[in-house]
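**Student:** Predicted model and sequence follow; I will ask about them next.
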Amino acid sequence: MFALVDIAGIQYKVQEKDKIFVPKLNVEVGKKVMLSKVLLISDKSKTQIGQPYLEGKNVSAKVLEHTKDEKVIVFKKKRRKGYQKLRGHRQLLTKIEIEKIK
């Protein structure tokens, strides 16, 4: 069984016991979070598709840790002008474990 879930505008395909990184959630480590924006649920026999979301369906997950993604380097240069800019960015992420698809 798997589900498509919308978390912060990004769609994730999840199964039970999956561990995924999502954009930072304002939930403490060890707490549970209910993901109610379920777009699709499918098992071997049938598939349910929402318009846009399924009513009464949700996915429960547990917050494992808060972390940062790898650094992304943005380098700008204009040749022969002496112009150089170097910037970096690290996205804040939350690691969650999918416990149950209801």
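**Tutor:** Received, thanks. Numbering: from 1, shown residues only.
**Student:** Taking the chain centroid, which residue in the chain is the extreme one?
**Tutor:** The C-alpha centroid of the chain is most remote from Arg80, which lies 42.5 Å away (C-alpha atoms, centre = their mean).
**Student:** Quick check: closest non-adjacent residue to Gln15.
**Tutor:** Phe2 (4.8 Å; C-beta to C-beta, 6 or more residues apart in numbering). In short, each C-beta sits where N, CA and C put it, glycine included.
**Student:** The closest residue in space to Ile7 that isn't next to it in sequence and Gln51, how far apart?
**Tutor:** Distances taken as C-beta to C-beta, 6+ apart put Val22 closest to Ile7, at 4.8 Å, once the chain neighbours are dropped. Here the criterion is C-beta to C-beta, to the nearest Å. By it, Val22 lies 24 Å from Gln51.
**Student:** Neighbour count for the two, which is higher?
**Tutor:** Val22 (18 against 7; other C-beta atoms under 10 Å).
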